[in-house]
Structures are given as C-alpha cells and as structure tokens.
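One predicted model, sequence on top.
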Amino acid sequence: MASNFDYVIVGSGSAGAVIAARLAEDGRYSVCVLEYGGTDWGPLIQMPAALSYPMNMKTYDWGFVSDPEPHLGGRRLVTPRGKVIGGSSSVNGMVYVRGHARDFDGWEAMGAKGWSWQGVVPFFRRMESDQQFDGPLHGKDGPLPIRRIMPENWGRVAKATGESLKESGLAFLPDQNGMFGDGYFPVAVNNLNDRRVSAAIAYLDAATRARPNLTIVPGAQAKRILFEGRRAVGVEVDRNGASETYRGREIVSSAGAAHSPALLMRSGVGPAPHLRDLGIEVVADAPAIGRNLQDHPGIAVLSFLPRGSRLYTDGPFLHVGARYSSNVAGCGPNDMYLSVIPRALWHAVGRRTLSLATWLNKPFSRGEIRLRSPDWREEPVVEVNMLSDARDLERLKVGLRWVLAVYDKAPMREATREVFSTNFNPRSQAVYLVTPRNKALTQALGLLLDGPAPLRRAIIDKVMLGEDIRAKAKQGDAAIEAHIMKNVLSIRHLSCTARMGRDDDPTAATDAQGRVKGVAGLRVCDASLFPAVPRANTNIPTIMTAEKVAEAVVWGGG
C-alpha cells in the first residue's frame, strides 16, 4: 500500500499534533500523521491525578529505561515516554513551564537564529489561553488553557511550603513564566475543569480531525525513511505486521528525542562509522545525530503527611514550585528547581506522601542515542550519561541539603512527619498501575501509616524502601554523595539529540527551521531540536518549537 501527501509526520505527540494541526489548518497541504499509539480520549487519560508519569501501562507508555549508566554504578534510569496520540503530553504532570528568557537567548547564541526570547514569546502566546494573566507575555486565545492554584486556595501543606520557602530567602513570584529571578510561585498547568488538556486534545480536536486534508494513521510504527538519492520521499511503516508506505513531499520526524535520531540513523542519516558498523547504507554522514542528549537529573526528599495536610483532588495537584540558585562556581543563577507534589493522588499511600523533588535546571552532563541494531523492532541505546560532569553532582548535593533545610523550617515541621528519601524503585513503580489490587493494597498500607510512629517508620523503611535522609546527611559529604548516586532520578526530559545550529557547525544536526543538514525533504520537529535543555519541563517548549517550525513551513511556502 502506498499513499501520497504533501507532508508525512512521524509521531503525534507534543510536536507532531501541533505541526499537523497548523499545516492542515492552512488548507493548502495534505497532511498525514503516523502514530503507533491509539486514541488519547479515553477517560483514564483525562484523570490527571491517576495517570501522571510514570504510567507503567504498556498500552500508553513506551517503557523506556536507559542503558546501564556508567557514572551511576550501572544503574538504569526509568525514562517513560507516551505511546499514544498526544504523546507524553497525554501522560505527564501537565506542568506549563516555558523556561528562562536566558535559555532562548542562549539558543540563538548557539546558532539557532531567530530563537531568542523575543523570537519565541509570540509562539508561547499563540498556544495559550491564560485564565489569569494578560499582557504582552501571555496569550488569551490559544488552544491550550493555562491556570494556577493561587496561594489563597492552597491547602495546608502548600501554604507551609510557601512559608518555609519565604523563610529560606525566596521572594514570591506570582508569574513563574514572566518573572525570571529566584523565587517561589503557584505552578501553571495545562488543565481545565480538573481535566488534562494534552496537545492532542488542544490541537487535534474533533473539528481538526474531520478536515479532509488531514489523515491520522494509528498503529503505524515507522521502520525507516525512504530516500531517492539524498531526498526523503516517504516513510515505510509496520502496521499490524504488514508493511505500508506513505510518500510525502516532505517528511517530518516528530518521534521524540530518542526515536527521531534512531529513525534517522536506521534510514542512513547519522554518524557514518556507526552506521557502517551496523551494515546500514549511508545516505548522509551526520555525526551530530544522536549526540548532545540532555536530561534534568533530580533527587526527591519525601515525608509523611498527617491528617489535615493531605490533598484530596482529581484536579491540579501541583500548587507550589520554586526556582533557586546553587551558587556553585560557573553554574550561573537560577540553575535549580523545586517541585512540591503529593506522590500519587489516586491511592491512599500517595495521598499521605509529599515529595520535594529538586533538580538541575541547567545540567552540564551529555549523553547520546545510538542504534542497537538496524532492526526497527529494537529500541535504541539510551545513555543519559547522568552526573558525568562533576558540577552536576556537586549541585545535587547542594540541592539535597537545601531541601532538608526547607523541611527543617517550622511551618514544614508542623505540616509533615518522617522525612525520608528513596528512588523510583520497582516496588513503587508497580503500585502506580491503576488496579483494584493496588487500590486495596495501598488502602491497607495507608491505614498502617496512620498508626503509631514506630510502625510508620518501619513501613517506610521496609516496605517503601525509604532511608532516613537527615541521619544520612549528618554522616557527611561522602554519604550524601553515595546517596545521590544511588537515588538520582531522570526527570524524563530527554532532549537535544538533533540540535539546531549554523550550517558550518559540525555539532548541529539541523538548521533553525528543523531541516536536517545534508539531505532534502526531511525535517525534525520535537525536543531533539533544542540546542540545550531549557530551565523547564520540556512539554511546553516542545509545543512552542512546533508552533514556530509550522509557521516557518507555512510562510516559506512549504
């Protein structure tokens, strides 16, 4: 089977859904979207309290884990990605963070012409319908609704956190996306009426899907991009065991920061020595494809929430966050982030557990994506190379101590109990799956946690695998460092593996419009394009990127 379109887009996630909708909206082009996952409109997907990362559901999650990490003693990192229309925006925490103005000025300085803060603000505004803020930095008419739980509506533990952050020296910032200093703030989310609004729900609504010039093909896993000479002309997919071909005037890979470089490499575009070693015919030697992989590393400090501090809601569970500076030499200001969340709101243990997770807004470590084999059925090698740069480990030590100091403020001591730390171990992953068994199990554990303090401590230690992090900190720097190496988390912001840059920059894989260097008719449009990961959860910068690339395509006449 072969079909012909103007644009064939691989992936319908935070970028693919956007660029497909904008190109179809223009009316001049026939657009085809190839998506391996199915619909995102089921009721569970729209229950943000139930199904935020990690989903542990094979139906909707690619289930990525990194390869053994060389700087973490061979430990593997859980890096799930959405396998569904809407991609990771259908399963994430719905956080609406743009990043810092300096992030985008930095992109332009790295060769991404036109991607300065002033250059990207119009595209952030274009996507959003802000429910609370107006003015030159905010949009009111976009497809993505944005709101915040303001301090007057914070619950006890959110208020206690805010008061403790203020006592720690942070200023209150009403608008985290328009004020760029250190401070604490109400977290913005893409959520309306207590229901998730993914990129697919916002952009691929019923009216858009009904357009005669838009075709969405579910169950289609991309095997390779087809070339005639050095021009991309189509995509070969597997669909229910059968091979199908979709031809296009231009091919757009929006498969994500792991799958986009893997698809290009399987198709002969990538580092020539690596491709030849695997027996892949080289279409274009592109050494930057798959390199420069970045992620935000984080560490979580948890606590037990007594009655009166718990948050009971199916709506936005992110009320308060913070940006602060490590003051480590050479790392710049605003390089740290703090997210304040209940562990999981759909079950009893999660509602009793608060997480203060701190991560590096600006990591220095770099990893890469490589092919394991030419076989499209095999997932690529994902080596995050986390904490390979000593500055990253040093700042996580600063961050962990900083969070402990927040917990030691009087408001937090009154609102929380039993401060401990753990990683996202297989035992805790298992109970994220929404099942009657897990609901009953966590209900029983929740009742036990409400019991005497010695029993609660035993459950935290033996069942939840938590460590007394205050005691660990008292053992000194070496103990803190060992704890971080054992428990550091991926914040699941894989990015930067086909980065934009100047034509003469060998470390750049694409130009400032996402066009892959060395070939024609092929574009990347997803978080792979970022020159550097911004100080943000990557969903919203990815949507902005797709808005900007889509405009370049439309105004460039295709």
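Everything's here; your move.

use CA for all of it now, contacts and neighbours both
Noted.

ranges for the strands of the stretch 51-200 of the chain?
Here the stretch 51-200 of the chain has its strands, by DSSP state E, counting those that start in this stretch, at 128-130, 144-148, 183-186, 188-189, 191-192, 195-196.

Ok, which of the ones you listed comes nearest Ala112?
strand 128-130 (23.6 Å; Cα to Cα).

and that closest one, what does it pack onto?
Where contact means 3 or more Cα pairs under 8 Å, 6 or more residues apart in numbering; DSSP states H and E, strand 128-130 is packed against strand 144-148.

How far off centre is the strand it packs on?
Relative to its chain's centre, strand 144-148 lies at 18 Å (Cα atoms, centre = their mean, to the nearest Å).

Give me the contact list for that strand.
Strand 144-148 is contacted from outside by 96, 127-132, 186-192, 197, 199, 202, 319, using Cα atoms under 8 Å, 6 or more residues apart in numbering.

sorry, back to before: out of the strands of the stretch 51-200 of the chain, nearest to Ala552?
strand 128-130 (19.4 Å).

which other residues reach that closest one?
So strand 128-130 is in contact with His138, Gly139, Lys140, Asp141, Gly142, Pro143, Leu144, Pro145, Ile146, Arg147, going by Cα under 8 Å, 6+ apart.

just stretch 261-280 next, same as before
By Cα under 8 Å, 6+ apart, stretch 261-280 touches 222-226, 281-290, 369-371, 373-376, 380, 497-498, 528.

can you rerun that using 6 Å?
Residues outside stretch 261-280 that contact it (Cα atoms under 6 Å, 6 or more residues apart in numbering): Arg224, Ile225, Glu281, Val282, Val283, Ala284, Asp285, Ala286, Pro287, Ile289, Gly290, Pro374.

Just the buried ones among those residues, please.
Applying 16 or more other Cα atoms under 10 Å to the contacts of stretch 261-280, the neighbour count classes Arg224, Ile225, Val282, Val283, Ala284, Asp285, Ala286, Pro287, Ile289, Gly290, Pro374 as buried.

In strands, which of those fall?
Cross-referencing the buried ones among the contacts of stretch 261-280 against strands under DSSP state E gives Arg224, Ile225, Ala284, Asp285.

pLDDT wise, what is the third one at?
The one in question is Ala284. Note on Ala284: pLDDT of 98.

That one: what's it in contact with?
Val269, Gly518.

what about it, distance to Leu275?
Ala284 is 10 Å from Leu275, where distance means Cα to Cα, to the nearest Å.

hmm, back to that, got a ChimeraX select line for the buried ones in the contacts of strand 144-148?
A single ChimeraX command selects the buried members of those (16+ other Cα under 10 Å):
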select :96,127,128,129,130,186,187,188,189,190,191,197,199,202,319
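
Rebuild the buried ones among the contacts of stretch 261-280 as JSON lines, extending it with distance to Gly73.
JSON lines is the format used below for the buried ones among the contacts of stretch 261-280 (distance: Cα to Cα, whole Å):
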{"residue": "Arg224", "distance to Gly73": "34"}
{"residue": "Ile225", "distance to Gly73": "37"}
{"residue": "Val282", "distance to Gly73": "35"}
{"residue": "Val283", "distance to Gly73": "37"}
{"residue": "Ala284", "distance to Gly73": "36"}
{"residue": "Asp285", "distance to Gly73": "33"}
{"residue": "Ala286", "distance to Gly73": "31"}
{"residue": "Pro287", "distance to Gly73": "28"}
{"residue": "Ile289", "distance to Gly73": "27"}
{"residue": "Gly290", "distance to Gly73": "23"}
{"residue": "Pro374", "distance to Gly73": "28"}
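
Between these, which sits nearest Asn177?
Gly290 (30.0 Å).

tell me the pLDDT at Arg391?
97.

Let me know the next secondary structure element after the helix or strand hosting it.
Per DSSP states H and E, Arg391 falls inside helix 390-407. Remark: after helix 390-407, the chain's next helix or strand is helix 410-415, criterion DSSP H and E.

in that next one, what's buried?
In helix 410-415, counting by 16+ other Cα under 10 Å, buried: Pro411, Met412, Arg413, Ala415.

contacting residues around the first one?
Going by Cα under 6 Å, 6+ apart, Pro411 touches Ala160.

cutoff 8 Å now
Ala160, Thr161, Glu163, Ser164.

Show the pLDDT at the closest residue to the first one other than its chain neighbours.
Ranked by Cα to Cα, 6 or more residues apart in numbering and with sequence neighbours excluded, the top spatial neighbour of Ala160 is Pro411, at 4.9 Å. In the predicted model, Pro411 carries a pLDDT score of 97.

Can you tell me the SS state at the residue positioned nearest the centre of the chain?
Centroid-nearest residue in the chain: His493, 3.8 Å away (criterion: Cα atoms, centre = their mean). The three-state label given to His493 by DSSP: H, G, I helix; E, B strand; the rest coil is coil.

got the phi/psi numbers for the residue lying closest to it once chain neighbours are set aside?
The shortest distance from His493 to any non-neighbouring residue, by Cα to Cα, 6+ apart, is to Asp295 (5.0 Å). Here is the backbone geometry of Asp295 (degrees, to the nearest 10): phi -150, psi 160.

and Asp295, what is it in contact with?
Neighbours of Asp295 in contact, by Cα under 8 Å, 6+ apart: Pro363, Val384, Met386, Ser490, Ile491, Arg492, His493, Leu494, Ser495, Val533.

Next, count neighbours for the nearest residue to the fourth one once chain neighbours are set aside.
Residue nearest to Ser490 in three dimensions, not counting chain neighbours: Pro297, with 5.1 Å by Cα to Cα, 6+ apart. Residues contacting Pro297 under the criterion other Cα atoms under 10 Å number 24.

Confirm that Ala471 sits in a strand.
No: using three-state DSSP, the assignment for Ala471 is helix, not a strand.

burial measure for the nearest residue to Lys362 once chain neighbours are set aside, as a count.
Spatially, and ignoring its direct neighbours in sequence, Lys362 is nearest to Asp335 (5.4 Å; Cα to Cα, 6+ apart). Counted with other Cα under 10 Å, residues neighbouring Asp335 total 21.
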